[in-house]
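Participant: please work out how this folds:
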Amino acid sequence: MSLKSSCASALSRRAFLGGVAGAAITATASPSKVRSLVPDVAGSTPNYWCTWGAQNYAVDRQTVLDAYNHSNIAAKLTENAVFGENGWARAFPQIHRDLYILFDLGWDVPATTRFDKARWQLGSQEVAVDKFPSCTGTPPERLRKLNEIAKRAGWRGAGLWIAAQAYGDGRDGHMLTDPQVVAFFRERLRWSHDAGIEYWKVDYGARGGADFRSLVTKLAKAVAPGLRVEHARGTCPLNDVRCLWEEHLAFHNTGGFAAWGDGSALNDSVRIASFSHVFRTYDVTAQLSTATTLDRAIQILAAVSHSAEATGIINCEDEPYIAAGLGLMMGIMRHPRCLTREEAGANYDPYNTRRRITEVTRAVRWQRLAPASAMNASAMLIDSQRLVDRWQFAKGDTWADWVIGTTVVQGAPARAARGLALPAVKGDELPFVIASRNPHGAVAVAALPRVDPQRGQYRPLADIALEVPADTRWVGVFGHVRKLSLQGLRSTKRVLAQDLAAEVAEDISVSVDRRGGTVTISGEALERLCRLTVPDDLSEPGVVLEFI
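Facilitator: Numbers count the residues shown, from 1 in each chain. Just a heads-up that it's a prediction; the model follows:
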């Protein structure tokens with residue numbers, strides 16, 4: 001449940017634009033404005049914004065510094081904090097109707113409850129009336145009112161953090177019996193169904209294993225059809241690195257998910273993912289989030305892509321461009337109200353995700369055209385070359401304090417593709433490059449940033465060539481590129497382009513190179529489209545192209 005942490009600063013932006021000056025294709029003509037390419041209807045992907053990041057980092061300095069006091073963090077989740085005059089729910093206004101508000105740990109815990117050493121008190125699934133005073137009545141009525149408050153604020157509805165246990169599990173050292181657990185979850189699922197709740201995030205608790213999670217999914221299908229149940233493996237925040245709560249796993253410091261525990265971490269994840277409506281890749285560090293999350297998602301997809309059972313989707317949490325590039329869903333944690341580094345007294349947000357809100361909007365609006373797809377929807381191709389990111393952790397960098405004072409590596413394949421051939425990538429330094437073809441036909445490609453201790457997060461510019469089906473109509477392009485070539489397209493008369501956060505497209509036909517079945521566009525042209533949408537925002541570019 002940690003917060004994970006970007007267009008560049010003005011200096012790096014000038015360097016980026018200078019770097020493409022020699023590119024063969026530039027946007028030189030005055031474009032004409034045309035209709036929006038983004039549908040004006042909410043997407044079907046069950047993306048959500050999760051309150052956990054705000055509970056930790058949009059409140060006060062002491063909460064940030066006391067990261068292990070979950071009772072205190074849970075107490076911050078109140079109706080006023082979320083829906084008050086300056087409440088957290090005011091963020092992401094363009095995409096409210098696409099997103100659930102996921103009420104994390106604390107929505108069903110009274111403010112005075114101290115549970116850190118008595119976690120049997122978690123999981124009642126009864127809205128805490130002292131914190132949500134509008135939610136009165138019976139437990140199902142309280143849930144319905146919580147859902148209605150979220151919808152009145154313009155959001156898709158309420159999602160719920162669910163403890164991986166029944167209330168009372170572990171009290172005085174005693175676990176409930178299996179029949180008691182089944183009866184408990186049947187009742188709670190019925191409450192959610194009656195209240196119109198559509199999303200559960202099942203997280204940590206006394207029963208986090210695969211057998212329990214499979215049971216909850218089966219009960220949900222029987223008692224609450226239409227409810228999506230998200231599961232996860234309680235994975236440590238760094239792949240193949242020693243972790244306090246997984247000391248039993250062999251680690252080799254390779255930074256690779258598949259190597260961790262000699263394959264057991266991946267195998268456990270695959271087992272849970274195979275029966276899950278949604279599988280969450282789980283917590284990571286802010287500094288190495290992209291490499292850690294990307295490797296987890298890629299390795300799981302590769303393992304289950306041919307499995308008839310794997311009909312669910314992957315939630316890659318607060319990595320919107322991994323979601324857009326690979327057809328996954330998002331569990332967004334960032335928020336513009338989160339404290340700055342100086343205010344927090346800790347470097348919990350090294351890449352300023354609090355000022356990278358627009359890239360969330362871009363990724364979510366892209367998924368109106370290309371919704372997240374089932375894990376087994378497409379074949380997964382993985383590059384044999386791996387890229388490795390590094391970070392030297394200092395005090396205040398992370399809640400994972402056992403890595404402070406060490407240099408950690410995290411790696412992932414240099415390229416990966418779902419439903420397409422691997423893109424060709426050329427550059428002096430390489431970004432991670434991912435691509436996918438949605439079952440509905442839209443194609444996405446993303447160039448993801450890299451990390452090292454000297455430069456922090458940086459964005460190598462590369463030439464990317466991608467073979468696409470001849471009838472491809474929409475292509476989403478995410479991140480910084482030097483130039484992008486799309487090969488195999490049928491003859492196109494017009495090329496339209498739009499910042500995915502904007503409401504108007506441009507005809508850029510005269511600004512692209514069309515030779516045979518290949519269309520080439522410069523990174524500068526994509527950057528220009530996104531440059532002025534939200535001037536103070538640091539988000540990576542995100543553009544939709546339409547070929548007609």
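
Participant: low-confidence regions, the stretch 401-548 of the chain specifically.
Facilitator: 532 (pLDDT under 70).

Participant: ok, residue 324 - contacts?
Facilitator: Residue 324 is in contact with 362-363, 366-367, 370, 444, 446, 476, 478, 542, counting by CB atoms under 8 Å, 6 or more residues apart in numbering. In this view, the C-beta of every residue, glycine as well, is placed from N, C-alpha and C.

Participant: 7 Å instead?
Facilitator: Applying CB atoms under 7 Å, 6 or more residues apart in numbering, we find residue 324 in contact with 363, 366, 444, 446, 476, 478.

Participant: before we move on, what about residue 476?
Facilitator: By CB under 7 Å, 6+ apart, the contact set of residue 476 is 324, 366, 370, 442, 444, 544.

Participant: again with residue 360
Facilitator: Taking CB under 7 Å, 6+ apart, we find residue 360 in contact with 92, 320, 332.

Participant: what helix or strand is it on?
Facilitator: Assigned by DSSP states H and E, residue 360 falls within helix 358-366.

Participant: put the alpha carbons of that helix into CSV.
Facilitator: What follows is helix 358-366, C-alpha atoms only, in CSV (Å, rounded to 0.1, in the frame of the first residue of the first chain):
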residue,chain,number,x,y,z
THR,A,358,-2.2,14.7,-16.6
GLU,A,359,-0.5,11.5,-17.6
VAL,A,360,-3.1,9.6,-15.5
THR,A,361,-5.8,11.5,-17.5
ARG,A,362,-4.2,10.6,-20.7
ALA,A,363,-3.8,6.9,-19.9
VAL,A,364,-7.4,6.6,-18.6
ARG,A,365,-8.9,8.4,-21.6
TRP,A,366,-6.9,6.2,-24.0
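
Participant: now it: mean pLDDT?
Facilitator: On average, the pLDDT along helix 358-366 is 98.

Participant: show the subsequent helix or strand relative to it.
Facilitator: Next along from helix 358-366, by DSSP H and E: strand 380-382.

Participant: could you list the residues in contact with that following strand?
Facilitator: For strand 380-382, the external contacting residues (CB under 7 Å, 6+ apart) are 298, 301-302, 305, 413, 416-418, 421-422.

Participant: could you flag which of those are buried?
Facilitator: Buried by 16 or more other CB atoms under 10 Å: 298, 301-302, 305, 413, 416-418, 422, out of the contacts of strand 380-382.

Participant: inside helices: which ones of the residues you listed?
Facilitator: Using DSSP state H, the subset of the buried ones among the contacts of strand 380-382 located in helices is 298, 301-302.

Participant: ok, and what's touching the helix or strand residue 215 falls within?
Facilitator: Using DSSP H and E, residue 215 sits in helix 210-223. Helix 210-223 is contacted from outside by 164, 185-186, 189-190, 193, 202, 227, 229, 231, 271-272, 275-277, using CB under 7 Å, 6+ apart.

Participant: mind doing that once more with 6 Å?
Facilitator: For helix 210-223, the external contacting residues (CB atoms under 6 Å, 6 or more residues apart in numbering) are 185-186, 189-190, 227, 229, 231, 271-272, 275.

Participant: can you identify the element that follows it toward the C-terminus?
Facilitator: Heading C-terminal from helix 210-223, the first helix or strand you meet, by DSSP H and E, is strand 228-232.

Participant: and the closest residue to residue 306 other than its chain neighbours, how many neighbours?
Facilitator: Among residues not flanking residue 306 along the chain, residue 376 sits closest, at 6.7 Å (CB to CB, 6 or more residues apart in numbering). Residues near residue 376, counting by other CB atoms under 10 Å, number 18.

Participant: wait, residue 376 touches residue 307, no?
Facilitator: Yes. Residue 376 lies in contact with residue 307 (CB atoms under 6 Å); the separation is 5.5 Å.

Participant: for the protein, which segments count as helices?
Facilitator: In the chain, helices defined by DSSP H lie at 10-19, 52-57, 61-65, 70-75, 79-83, 139-152, 178-195, 210-223, 264-275, 289-304, 320-326, 341-344, 358-366, 523-530, listed in chain order.

Participant: out of those helices, nearest to residue 434?
Facilitator: Of all the helices of the chain, helix 320-326 sits nearest to residue 434, with 4.0 Å by CB to CB.

Participant: now the closest one: how far from the chain's centre is it?
Facilitator: Its chain's C-alpha centre and that of helix 320-326 lie 8 Å apart, by CA atoms, centre = their mean, to the nearest Å.

Participant: now stretch 293-302
Facilitator: 13 Å.

Participant: who's in contact with that stretch?
Facilitator: Stretch 293-302 is contacted by residues 239, 257-258, 266, 269, 273, 281, 284, 314, 316, 319, 322, 380, 382, 412-413, 416, 432 when judged by CB under 6 Å, 6+ apart.

Participant: got it, and stretch 231-245?
Facilitator: Residues outside stretch 231-245 that contact it (CB under 6 Å, 6+ apart): 202, 204, 208, 213, 246, 251-252, 254-257, 259-260, 268-269, 272, 276, 279-280, 282-285, 292, 295, 400, 402, 408, 410.

Participant: contacts only, for residue 379.
Facilitator: Neighbouring residues of residue 379 by CB under 6 Å, 6+ apart: residue 305.

Participant: could you do residue 176 as well?
Facilitator: If you count contacts by CB under 6 Å, 6+ apart, residue 176 has them with 166, 169.

Participant: distance of residue 34 from residue 193?
Facilitator: According to CB to CB, to the nearest Å, residue 34 and residue 193 sit 44 Å apart.

Participant: neighbour count: these two, which is higher?
Facilitator: More crowded of residue 34 and residue 193, by other CB under 10 Å: residue 193, with 18 against 15.

Participant: hmm, the more buried one is touching residue 224, no?
Facilitator: Yes. Using CB under 6 Å, residue 193 is in contact with residue 224, at 3.8 Å.

Participant: just to revisit the earlier point, and which of the buried ones among the contacts of strand 380-382 is nearest residue 172?
Facilitator: Closest to residue 172 out of those is residue 301 (42.9 Å), distances taken as CB to CB.

Participant: and the closest one, how far from residue 372?
Facilitator: In this view, residue 301 and residue 372 are 12 Å apart by CB to CB.

Participant: what ranges in this structure fall below the confidence cut-off?
Facilitator: Of all residues in the chain, those with pLDDT under 70 make up the ranges 1-31, 532.

Participant: so who does the most centrally placed residue in it touch?
Facilitator: For the chain, residue 317 is the residue whose C-alpha lies nearest the centre (CA atoms, centre = their mean; 2.7 Å). Residue 317 makes contact with residue 331 under the criterion CB under 6 Å, 6+ apart.
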